[in-house]
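> have a look at this prediction, sequence included:
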Amino acid sequence: MDPDSENPSSKTAVSFQPKRPALSWCVKIKRKLKSVAPFLGRFRPMVGQCCHQCTPESLGLKLLCNTPPLGFQNLTCVNETHTGYRGWLVRRVCCLLFVWGREVHPSPAGDRRHRVHGSERVRQALKTACSSDETKMAELVMPKVRGYLGRLLGLTQTFISPSLLRIVSWMLLKFFSLMFCNVQINLNQLAALHRATRLKAPLAYVCVRQSGIDHALICLTLFCHNLRVPYTIYPAHVRQTWLRSILQRLGVVLLPEGTGSERDVEMDSLYSPVMTSFIGELLREGAALSVGITAARGHGGQWLARVHQAISDGLVPDVSIVPVGVSYDCLPRHFMRPQAGVMSALRFVVSLLKGDHRGSVRIHFAQAFSLKEMCESGRCRVDGGRPLQELLLTAILNNRMDSIFNQKDVSWLLPPAVMPELPPADRQRTIALTLHLMYSSTTSMAVMSTSLVSCLLLHKHRRGVRVSVLCRDICWLLEEVLFRNTDVGFGGALVGLVHHALSLLRPYLLLAAAPPTGEPIIAPRPDPESLLTLSQHCHLLTHVFIHEAVGACAVSAMLSEVVGCGGGGDQEFDVVLGQEELTEKSLQLTHLLSPGYIPPCQNAHSFALDVVDSMVRCGVLVMEEVQKDTPACDFMKRQGVLSWAASDNPDQSSDSDCEEPDKHSYKLSQPSQCPELLFFLCSLLSVQLRALCWALESLHYLPTPITETDCLSQLHTHLKNRAQLDKAHYESSSIDLVGMALRTFIDLGVLTEDRQREDVYLDVSPLFSQCTYKEKLLQFFKQFIAKKEK
């Protein structure tokens, strides 16, 4: 493995014990780590290839070739070798010379405002907004519409000023050099981007929103490598006039002044046509775009619809989509929200001067693919999906499995109120594209060192672990990550890896000395902030091990049924599991997953089948050859009865028996050792499952009917109180998980929506007001949580 990114500063000390000198603990950890062998990496997986099912022609272009690696570059490390000059003075102004030598593609606004105002789409929207039967009403509406239209058209005057871009890029290079140890870029992927520009199609970069600096990192990377800097879609409210003016001259498209949230603005009948025409004009000029999407409310999907609308309108023949994965060693906490203000940024700068947050960043640019090809191939689609209520309620309440094999409807990602002029077919196509890009961007992200350490401490060694054992498990987890074709954002020896990760995570960890050797023992701090931060670092690893995590939870659910039917107090691991029943359990849990875990070109049933196969590949399950003269345990028949089938004479068989295919059965490979691995995999999803359980138990505290915003806020408060009573598992009380639980309850029919008023009101459905059905749903969630985690 290349020693390319993990080079922690010698000034960073692992100090978790305030009563002892920081250096003593640092020396003890380093001494222990030096006795462990360094990494002997044999390969680095090639990530970022486009989908072979949805875009085979784009894959055939081989833009991202499997050529000898060009290595990685630290974006913030600029020296005189990056300029065409040498000398003492050059070494002191090399960054300024480098920035001024970059190529900037001009992008003037010109008469774009008039073109957008004169488009047929905007004229029709104006006619609809101003039409009225009464003349006096029309006279009152017209000035208001014209004022709002003027603010919207002001957004279309956004352009990229070359001089300002160079100045800001120089400032960002200095700022990011203080903020991060390094910003690593894969040079092979940048070479593929240069090849993609020769296709003469505009580029659209799509990333999953994590913080407010994601787009800044992407734009700075493209600028430093002589690629066209994109217009950035950043739906945030910036009230300072001077700051809005600067951002608009850098190509940042903001929300209009004096408007509500992004969701409220998108529901305006005039905003959508103006923005659709604006995006079309940008693409026709040859400009690039940078869009952020999120699975929380489906934000960002409407911009992808506008990009595709430009192709449908004939403004551009095609657009190349580039998924981008941005991975942080240490999440920039003060830039987590788009609405973070200037004072928050200033506080963050002060913390930088103190030497905090010196993590690394890895940026991966996946292979560009044709948007026209993906939309016209017809393989990436979500039409025909059924509501979650129809898929799971029969299995939960009546123990029937006939409907779980259908696809789940996710139309809420782009509701009809957003871009109402969009045809239903295009709406479904956009939802499928959004889901696919969530998956592609997430799988392109690299696993960082802090993610490995956080995952092991939170899900395997919650009560503490010796440093030597932690190093052994890091080696194991690293091999498993690479085996799943996921890249990592570090390299080098184990000493640097563990020391760097512990240095960054030191505010969230406890450290003690184990007698008699004095070997350091590390454990997560049992407070909400620490556990929530560690859980955020683990999120990507849940995506990496999603097949195994779903399979482990399904196995745990089946084992729990054995305990319930057998009446035993302890879980029994030496049992036989049927393939059909294991697939059904996996499929039930798959429907509960948030968007982005599986691509829409793969149906949920095939994903569940892959889950069973992955459990065999990772060694948790082994196929069991059941003899016909011995009883075979058949769990979870569709009638819900635990039955035993035995054959007294194996030679006697009917024609119908011969027609049935052989059903596989599985057993835990090592019943005495596998539970540890099983509990670790179950724990990855138990964070979300526990949030569902706590949220369901807290519903009766809500004063219903209640607005969706208030429901989210009050439910978050109840989950934090529940975690405080539990004195553990604070990671299950995050606001993101509360939003996920709320979305699940709406889809399941536990909460009903009333959209006939100004806001969306939620109320508990009459069915789940009854304790019997609520308890059944609660037990459905709890069955997937391993007993060790309860």
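Here it is on my side, so go on.
> CA only for contacts and neighbour counts going forward, please
Fine.
> stretch 683-700 - what's its average pLDDT?
Averaged across stretch 683-700, pLDDT comes to 95.
> please save the CA atoms from that stretch in PDB.
Presented in PDB, the C-alpha positions along stretch 683-700 are these (Å, rounded to 0.1, in the frame of the first residue of the first chain):
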ATOM      1  CA  SER A 683     -24.400  -3.800  15.700                       C
ATOM      2  CA  LEU A 684     -23.800  -1.800  12.500                       C
ATOM      3  CA  LEU A 685     -27.500  -1.700  11.800                       C
ATOM      4  CA  SER A 686     -28.700  -1.800  15.400                       C
ATOM      5  CA  VAL A 687     -28.100   2.000  15.700                       C
ATOM      6  CA  GLN A 688     -30.900   2.600  13.100                       C
ATOM      7  CA  LEU A 689     -33.100  -0.200  14.400                       C
ATOM      8  CA  ARG A 690     -32.900   1.000  18.000                       C
ATOM      9  CA  ALA A 691     -33.900   4.500  16.800                       C
ATOM     10  CA  LEU A 692     -37.000   3.000  15.200                       C
ATOM     11  CA  CYS A 693     -37.900   1.200  18.400                       C
ATOM     12  CA  TRP A 694     -37.400   4.300  20.600                       C
ATOM     13  CA  ALA A 695     -39.300   6.600  18.200                       C
ATOM     14  CA  LEU A 696     -42.200   4.100  18.100                       C
ATOM     15  CA  GLU A 697     -42.300   4.000  21.900                       C
ATOM     16  CA  SER A 698     -42.300   7.800  22.000                       C
ATOM     17  CA  LEU A 699     -45.200   8.400  19.600                       C
ATOM     18  CA  HIS A 700     -47.800   8.500  22.300                       C
END
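> residues touching the top strand by length along the chain, excluding its own?
Looking across the chain with DSSP state E, the single longest strand is strand 320-328. Defining contact as Cα atoms under 8 Å, 6 or more residues apart in numbering, one finds that strand 320-328 is touched by 48, 196, 201-208, 214, 359-371, 437, 440-448, 489.
> filter the residues you listed down to the ones in helices?
Among the contacts of strand 320-328, the members found in helices (DSSP state H) are Ala196, Asp214, Leu371, Leu437, Ser440, Ser441, Thr442, Thr443, Ser444.
> contacting residues for Thr583?
Residues near Thr583 by Cα under 8 Å, 6+ apart: Ala608, Leu609, Val611, Val612.
> alpha carbons of the longest strand of the chain, in CSV - could you do that?
Taking C-alpha atoms only, strand 320-328 is exported to CSV below (Å, rounded to 0.1, in the frame of the first residue of the first chain):
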residue,chain,number,x,y,z
SER,A,320,-21.7,13.6,-18.6
ILE,A,321,-22.4,12.8,-14.9
VAL,A,322,-19.4,12.4,-12.6
PRO,A,323,-20.2,11.0,-9.1
VAL,A,324,-17.8,12.5,-6.5
GLY,A,325,-16.9,11.0,-3.1
VAL,A,326,-15.4,13.3,-0.5
SER,A,327,-14.1,11.5,2.6
TYR,A,328,-13.0,13.3,5.8
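> buried residues in that strand, which are they?
Neighbour counts over strand 320-328 (16 or more other Cα atoms under 10 Å) mark Ser320, Ile321, Val322, Pro323, Val324, Gly325, Val326, Ser327, Tyr328 as buried.
> dump the residues you listed into JSON lines; add distance to Phe780 as well.
Converted to JSON lines, the buried residues of strand 320-328 look like this (distance: Cα to Cα, whole Å):
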{"residue": "Ser320", "distance to Phe780": "43"}
{"residue": "Ile321", "distance to Phe780": "40"}
{"residue": "Val322", "distance to Phe780": "39"}
{"residue": "Pro323", "distance to Phe780": "36"}
{"residue": "Val324", "distance to Phe780": "37"}
{"residue": "Gly325", "distance to Phe780": "34"}
{"residue": "Val326", "distance to Phe780": "36"}
{"residue": "Ser327", "distance to Phe780": "34"}
{"residue": "Tyr328", "distance to Phe780": "35"}
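> tabulate those residues in CSV, adding columns for pLDDT and distance to Val465.
What follows is the buried residues of strand 320-328, written out as CSV (pLDDT from 0 to 100; distance: Cα to Cα, whole Å):
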residue, pLDDT, distance to Val465
Ser320, 96, 47
Ile321, 96, 44
Val322, 97, 41
Pro323, 96, 38
Val324, 97, 35
Gly325, 95, 31
Val326, 95, 30
Ser327, 94, 26
Tyr328, 93, 25
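> before we move on, back to that, partners of the longest strand of the chain, with directions?
Strand pairing for strand 320-328, determined by DSSP bridges: strand 203-208 (parallel), strand 359-365 (antiparallel), strand 369-370 (antiparallel).
> shaky segments in the stretch 501-650 of the chain?
563-573, 625-650 (pLDDT under 70).
> endpoints of stretch 463-471, how far apart?
Stretch 463-471 has an end-to-end distance of 16 Å (Cα to Cα, to the nearest Å).
> actually stretch 598-611, not the one I typed
Per Cα to Cα, stretch 598-611 runs 12 Å from first to last residue.
> could you check how far it is from the centre of its chain?
Here stretch 598-611 is found 18 Å from its chain centre; the criterion is Cα atoms, centre = their mean, to the nearest Å.
> again with stretch 408-423
That offset, for stretch 408-423, works out to 21 Å (Cα atoms, centre = their mean).
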